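Here is a sequence together with a model predicted from it:
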Amino acid sequence: MISGYAKKQGMDEALNLFNAMEAAGETPDLVTVLSMISGCGQTGALGLGKWIDAYATMNCLKHNVVVCNALIDMYAKCGSISDSRDVFNTMPSKTVVSWTTMIAGLALNGSFEEALNLFNRMIELEMKPNHITFLAILQACTHGGFLEKGWECFNMMTKVYKISPGLDHYSCMADLLGRKGKLKEALKFIQDMPVEPDAAIWSGLLSACKIHHNIEIGEYASQRLFEMEPYVSFPYVEMANIYASAGRWDGVARMRYMMRSNRIKKSPGQSFVEVNGKTCAFTVEDRGHFDRDLIYAVLDGLILQSKEEGSSQHSDGTQKFDLEISNIE
C-alpha cells in the first residue's frame, strides 16, 4: 500500500501508513524505506525525504548501498544537490550505479561541468561505465552544450567500451547537434541511425528548429510527427510558433485548421510542490485549490514584475507566439 501511494504521488497517505505501521509494532523494512525515498523524489518532498534519511540512519539502513543510491537520486530530484554530494562522498563503497546516479543528479541540477569531471574521475579510478552512465553523461553534454565532449563520450562508448548505442543515446546526440544550431547535421545523423527514430527524436529536432528559426527542417520533422502521432498537440503548436516568428501567418492558420479538424486539444501540465510538509499539485488554469485567490494574486504580481523587467521576450529577443489552444474547439 505504501509503495502504491508513493508511486501515485500520494505521499501524505504513504506517510500516514508508514506511521501506522510503526504504531502497530511493525518495523518498516528495506523495501518500504526505498518506496518512501522514491516517492519523495517523484513529488519533490524534500522535508519528508530528509526525515526518511534520518530514519534510515537511526535504523542502520544507511550502510546499504542501494539506500544511499536512492537518497542521492531523491535529493537530486528535489533540487538539493549538496545533500546528494554529502551522501555520495560519505558512502563506504560505491558501485557503478552510485557514480551514474550522482552524474545524472549533477546534470539534472545544471552542474554540467562537475558531471563531466566526476565522469573523468570515474574513468581514472577504472570504474567501468555502463550504457546508463553514458546516457547520463551525454545528457549532461546535451544540456551543457558540450558538442566536442559529447562526440568524445559517444565514441568512447562505442569504440572503447564496445557498448551499442540505444535510441536514447542517439536521441541525446541528435538533440545536442540541434541545440548547437547544426540542424542539417542533426537531420543527417537521425537519417543515418541504424534504428528507427521515435517521436522524441523528431520532437527534439523540431524544438531546435523553433530555437534557430528553421522552417524547412521544422516542416520535415513535424511531418514525421504528424504521421507517428497525429493527435498529439506538440508538433502543431511548435510549427505554429516557427511560422509566427517568421511572419508566416498562412502557416499559423494551417496549423490551427489541422488542430481543429483533428479535434486536438493540449492536455494541461501538472506540477508538484511541497509546502509545510504537504505536497500540493497544480495544473494549468487550476481553479480548484482552496487558496486559489491568494495564489492568483501572487501570480499576477509575478507576471507584472516579469513584464516590468522585460521577461516577456525570449533570450534571442523575439516575441513568443502563443497558440490559443483553449480557443480551438
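Now that the structure is in, tell me what you want to look at.

where does this protein have its least confident helix or strand?
Ranked by mean pLDDT, DSSP states H and E, the weakest helix or strand in the chain is helix 2-7, scoring a mean of 60.

Would you map the helices across the stretch 1-150 of the chain?
Taking DSSP state H, counting those that start in this stretch to define them, one finds helices in the stretch 1-150 of the chain at 2-7, 11-23, 30-43, 46-58, 65-77, 81-89, 96-108, 112-124, 131-144, 147-155.

now those as CSV including distance to Gly178 and mean neighbour count?
For glycine as for every other residue, the C-beta is placed from the backbone atoms N, C-alpha and C. Below are those laid out as CSV (distance: least, C-beta to C-beta, whole Å; neighbours: other C-beta atoms under 10 Å):
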stretch, distance to Gly178, mean neighbour count
helix 2-7, 33, 19
helix 11-23, 36, 17
helix 30-43, 29, 22
helix 46-58, 33, 19
helix 65-77, 25, 24
helix 81-89, 27, 18
helix 96-108, 18, 23
helix 112-124, 17, 17
helix 131-144, 9, 23
helix 147-155, 11, 17
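
For Pro230, find the nearest of the ones you listed.
helix 131-144 (27.8 Å; C-beta to C-beta).

between that closest one and helix 147-155, how many degrees?
170 degrees (axes from the mean of the first three to the mean of the last three C-alpha atoms, to 10 degrees).

Could you chop the protein up by domain?
For the chain, automatic domain parsing gives the domain ranges 1-76, 94-164.

What lies in contact with stretch 149-160?
116, 119, 129, 131, 134, 137-138, 141-142, 163-165, 169, 172-173, 176 (C-beta atoms under 8 Å, 6 or more residues apart in numbering).

still on that earlier bit, let's have the domains of the chain in a markdown table, adding distance to Arg260.
Listed next are the domains of the chain as a markdown table, based on distance: least, C-beta to C-beta, whole Å:
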| stretch | distance to Arg260 |
| --- | --- |
| domain 1-76 | 34 |
| domain 94-164 | 35 |
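
Lowest average pLDDT across those domains?
The weakest mean pLDDT among the domains of the chain belongs to domain 1-76, with a mean of 81.

that older thread, what would the helices of the stretch 1-150 of the chain look like in a markdown table with distance to Gln223?
Formatted as a markdown table, the helices of the stretch 1-150 of the chain follow (distance: least, C-beta to C-beta, whole Å):
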| stretch | distance to Gln223 |
| --- | --- |
| helix 2-7 | 37 |
| helix 11-23 | 42 |
| helix 30-43 | 35 |
| helix 46-58 | 43 |
| helix 65-77 | 35 |
| helix 81-89 | 40 |
| helix 96-108 | 32 |
| helix 112-124 | 33 |
| helix 131-144 | 24 |
| helix 147-155 | 27 |
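
For Glu227, find the nearest of the ones you listed.
helix 131-144 (25.5 Å).

Go ahead and confirm Pro129 touches Val96.
Yes. Taking C-beta atoms under 8 Å as the definition, Pro129 is a contact partner of Val96 at 6.7 Å.

Using neighbour counts, pick out the buried residues of stretch 89-96.
91, 94 (16 or more other C-beta atoms under 10 Å).

how about it as PDB, C-alpha atoms only?
Listed next in PDB are the C-alpha coordinates belonging to stretch 89-96 (Å, rounded to 0.1, in the frame of the first residue of the first chain):
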ATOM      1  CA  ASN A  89      31.100  11.400  -0.600                       C
ATOM      2  CA  THR A  90      30.400   9.600   2.700                       C
ATOM      3  CA  MET A  91      29.500   6.200   1.200                       C
ATOM      4  CA  PRO A  92      31.800   3.500   2.400                       C
ATOM      5  CA  SER A  93      31.800   1.900  -1.000                       C
ATOM      6  CA  LYS A  94      30.400   2.900  -4.400                       C
ATOM      7  CA  THR A  95      29.100   0.900  -7.300                       C
ATOM      8  CA  VAL A  96      28.700   2.000 -10.900                       C
END
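
farthest-separated two in the contacts of stretch 149-160?
With C-beta to C-beta as the measure, no two of the contacts of stretch 149-160 lie farther apart than Leu116 and Ser164, at 22.9 Å.

where's Phe189 relative to Asp250, distance?
Using C-beta to C-beta, to the nearest Å, one gets 31 Å for the distance from Phe189 to Asp250.

Compare the two and say which is more crowded by neighbours.
Phe189 (19 against 8; other C-beta atoms under 10 Å).

That one sits in which helix or strand?
helix 183-191 (DSSP states H and E).

counting contacts, what elements does that helix pack onto?
helix 167-179, helix 199-212, helix 215-228 (3 or more C-beta pairs under 8 Å, 6 or more residues apart in numbering; DSSP states H and E).

Could you say which one of the ones you listed comes nearest to Met193?
For the helices and strands packed on helix 183-191, proximity to Met193 was assessed by C-beta to C-beta; helix 167-179 is nearest, at 5.2 Å.
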